[in-house]
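Asks: Only the shape, not the letters, is given here:
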């Protein structure tokens, strides 16, 4: 797959194409050129506050261009539908998209997939959000130094969201139900789902994970 101008193709040996775009830098055009979006997508974006609407729309533009390159199709002509769980899909491949601040990360694969990108939050935010995790994950994070809590928390959270996206449930499933862990490698609570940390190619202050539902 050729990389679109402003897109970074992340290095990986996983069975996926993973693309990162910075909509405040080289991919700023995605905030301006919305010509690939459908009328329905444009209307949906207006339901958000202006900043959130611009971020969502830019992410959908980038997704359409990544899919267009992957499928050798006009980005504007790709039909993206929502399944019964509300997850966007296309007929020809599986994909997942995630946004964190100005960054957009898109993963495309043959198997159902989930990807999540998170910016490291303030310590107080991470400490409060720990209540959403599995009891064993909370216990593990309570053992880390305070200076490392936010980073370790967001690593767990990215793993968890990627896992839930691969299941096609998203956060409709209680994130505290499944133990994935805060260790050096994620634990998958589902026999058909593999979870991996994404490390290469991400800017400092961000963590990402990807999950495949085989």
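Replies: Yep, that arrived. Owing to the predicted nature of the structure, the values given are computational and were not obtained by experimental measurement. Residues are numbered from 1 along each chain as shown.
Asks: Counting by contacts, list what the helix or strand hosting residue 209 packs against.
Replies: In this structure, residue 209 sits in strand 206-213 according to DSSP states H and E. Strand 206-213 sits against strand 94-100, strand 103-109, strand 113-119, helix 146-166, strand 193-198, with contacts defined as 3 or more C-beta pairs under 8 Å, 6 or more residues apart in numbering; DSSP states H and E. Where C-beta positions appear, they are placed from N, C-alpha and C, glycine not excepted.
Asks: what's the angle from the first one to helix 146-166?
Replies: It refers to strand 94-100. 150 degrees (axes from the mean of the first three to the mean of the last three C-alpha atoms, to 10 degrees).
Asks: tell me the mean pLDDT over strand 94-100?
Replies: Strand 94-100 shows a mean pLDDT of 96 in the predicted model.
Asks: follow-up on the earlier one: of the helices and strands packed on strand 206-213, flag the one that's most buried.
Replies: strand 103-109 (a mean of 25; mean count of other C-beta atoms under 10 Å).
Asks: any residues touching that strand, and which ones?
Replies: Residues from elsewhere that reach strand 103-109 (C-beta atoms under 8 Å, 6 or more residues apart in numbering): 15-23, 27, 30, 58-59, 62-63, 66-67, 70, 93-99, 113, 115, 117, 203, 206, 208, 210, 212.
Asks: Give me the distance from that strand to the chain's centre.
Replies: Computed by C-alpha atoms, centre = their mean, to the nearest Å, the chain-centroid distance of strand 103-109 equals 7 Å.
Asks: That one pairs with which strands, parallel or anti?
Replies: strand 17-22 (antiparallel), strand 94-100 (antiparallel) (DSSP bridges).
Asks: could the ones you listed be laid out in CSV, adding distance to residue 156?
Replies: Shown next, in CSV, are the strands paired with strand 103-109 (distance: least, C-beta to C-beta, whole Å):
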stretch, distance to residue 156
strand 17-22, 20
strand 94-100, 15
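Asks: and residue 40, which of these is closest to it?
Replies: Closest approach to residue 40 among these (C-beta to C-beta): strand 94-100, 16.9 Å.
Asks: Just say helix, strand or coil for the nearest residue to residue 172 once chain neighbours are set aside.
Replies: In space, not counting the residues next to it along the chain, residue 172 is nearest to residue 85; the distance is 7.2 Å by C-beta to C-beta, 6 or more residues apart in numbering. What DSSP: H, G, I helix; E, B strand; the rest coil gives for residue 85 is coil.
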